[in-house]
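# below is the structure, and that's it, no one-letter string:
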């Protein structure tokens, strides 16, 4: 068996690292940028930090901001048309997962026009050509889309999200600058941070996990557990820690997949437009309890990485519960809702569960989860 690792060609880390964008653009001979970002990042001047670097260097660009929080097929189609009309030859994606996922889909379709029907990209996409070159600049510490081979698009008509997996979509450059994340409000910081923790924990226990990805995931759990409370309080150390921790989690899960926390969260996002990080955070402890008996000794290491003391003297049941409790406590400390009572309607549970079972993340779960299991998990939280 061959275990594959796919990472960025180049990544830069540290406060102020957006300044290297001009050097990379000039070195690579790019001519004009297609800047994918969302309207709020323009409104609050966050995207302007990057375009100011381009302006100072006299580098031309065109902005595309028709992007929703859960990007849709229509957003991608409009983006493809806008890119074709722009005369651009590379993309700069500024934002969270929504901007970066839109950029990936646009970049893939431009260089693989036979996939103009966005739905045809679902699952493991059989594209032949690499995406238009993407420079990804995350403004949230959570999705790690800047280092993953995945993107998620919402099919509004069918009320479902679909995951696209393609080694051709990974950005050539990632700029992980904690200063670009400093303006995130506390609620968004909390939600995206729990998304990152979910990536690390699900990636660590997924069926395809192996030694190298275990290394990434355990370190990510440790950094996130130490940093997320501080990031929500907007401390410099917390922001810097989360910028690194979420990226390391992405290095792992992108290569081994996730599980039913994500498949269930995707269904919530498609039906209720629930923020992805909030959905993951609410689901994570409950799904961890469901998965516990299929994880061997891994919950001991999760508990240790979460900062739990004395795990080597605990029984298996004790350290499994300690891992779940530590995750639940972190979530409570940053004011994540404890259940889905304000989100899920009983009459939607069957459809939600069917969507979750069909989701591309579900097969990676360490424990087989039937439709009835998923229904039960949703019901336990309302």
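Sure thing, it's come through. It should be emphasised that the depicted structure is a prediction, and the values quoted were computed from it without experimental measurement.
# if I read this right, residue 101 contacts residue 149, doesn't it?
No: judged on CB atoms under 8 Å, residue 101 makes no contact with residue 149 at a distance of 11.9 Å. C-betas here are computed from N, CA, C, even on glycine.
# comparing the two, which residue is more hemmed in?
For residue 101 versus residue 149, neighbours defined as other CB atoms under 10 Å are more numerous around residue 101 (29 against 21).
# so the more buried one, which of the three states?
Three-state assignment for residue 101 (DSSP: H, G, I helix; E, B strand; the rest coil): helix.
# contacting residues around it?
By CB atoms under 8 Å, 6 or more residues apart in numbering, the contact list for residue 101 reads 71, 145, 151-153.
# farthest pair in those residues?
145 and 153 (12.3 Å; CB to CB).
# mind putting the contacts of residue 101 in JSON lines, neighbour count included?
Shown next, in JSON lines, are the contacts of residue 101 (neighbours: other CB atoms under 10 Å):
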{"residue": "71", "neighbour count": "27"}
{"residue": "145", "neighbour count": "30"}
{"residue": "151", "neighbour count": "27"}
{"residue": "152", "neighbour count": "25"}
{"residue": "153", "neighbour count": "25"}
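# now tabulate the residues you listed in CSV and tack on secondary structure, pLDDT and distance to residue 49.
Formatted as CSV, those follow (DSSP: H, G, I helix; E, B strand; the rest coil; pLDDT from 0 to 100; distance: CB to CB, whole Å):
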residue, secondary structure, pLDDT, distance to residue 49
71, coil, 93, 22
145, helix, 97, 19
151, strand, 95, 24
152, strand, 94, 26
153, strand, 95, 27
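# in JSON lines: those residues, plus distance to residue 299.
JSON lines is the format used below for these (distance: CB to CB, whole Å):
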{"residue": "71", "distance to residue 299": "34"}
{"residue": "145", "distance to residue 299": "28"}
{"residue": "151", "distance to residue 299": "30"}
{"residue": "152", "distance to residue 299": "27"}
{"residue": "153", "distance to residue 299": "33"}
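# and of these, the nearest to residue 285?
Distance to residue 285, by CB to CB, is smallest for residue 152 among the contacts of residue 101, at 22.6 Å.
# now do the contacts for that closest one.
Counting by CB under 8 Å, 6+ apart, residue 152 touches 70-71, 97, 101, 161-164, 266.
# any idea how far residue 65 is from it?
Distance, residue 152 to residue 65, using CB to CB, to the nearest Å: 19 Å.
# next: residue 113.
Where residue 65 is concerned, residue 113 sits at a distance of 24 Å (CB to CB).
# please apply the same query to residue 150.
Distance of residue 150 to residue 65, computed by CB to CB: 23 Å.
# those two: which has the busier surroundings?
Higher neighbour count among residue 150 and residue 65: residue 150, with 24 against 21, using other CB under 10 Å.
# give the contact list for the closest residue to that one other than its chain neighbours.
Nearest residue to residue 150, sequence neighbours excluded (CB to CB, 6 or more residues apart in numbering): residue 165, at 5.4 Å. Each residue near residue 165 by CB under 8 Å, 6+ apart is listed here: 123-125, 149-150, 360.
# residues contacting residue 339?
Per CB under 8 Å, 6+ apart, neighbours of residue 339: 282, 381-382.
# out of the contacts of residue 165, list just those in strands.
123-124, 150 (DSSP state E).
# let's have the residues you listed in CSV, adding pLDDT and distance to residue 289.
Shown next, in CSV, are those (pLDDT from 0 to 100; distance: CB to CB, whole Å):
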residue, pLDDT, distance to residue 289
123, 92, 29
124, 93, 30
150, 94, 26
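# any chance of those in a markdown table, with distance to residue 222 too?
Shown next, in a markdown table, are the ones in strands among the contacts of residue 165 (distance: CB to CB, whole Å):
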| residue | distance to residue 222 |
| --- | --- |
| 123 | 33 |
| 124 | 31 |
| 150 | 23 |
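# for residue 50, state which of these is nearest.
Nearest to residue 50 among these is residue 150, at 23.2 Å by CB to CB.
# so that closest one makes contact with residue 163?
Yes: Residue 150 lies in contact with residue 163 (CB under 8 Å); the separation is 6.0 Å.
# what is in contact with the two at once?
Applying CB under 8 Å, 6+ apart, one finds that no residue jointly contacts residue 150 and residue 163.
# list the residues that contact residue 162.
Going by CB under 8 Å, 6+ apart, the list of residues near residue 162 reads 119, 122-123, 152-153, 155, 360.
# please read the previous query as pertaining to residue 174.
Neighbouring residues of residue 174 by CB under 8 Å, 6+ apart: 8, 10-12, 135-136, 138, 146-147, 247.
# any idea how far residue 326 is from it?
29 Å.
# just residue 194 next, same as before
13 Å.
# so between these two, which is more surrounded?
Neighbours were counted for residue 194 and for residue 326 using other CB under 10 Å; residue 194 has more, 27 against 20.
# all good on my end, thank you.
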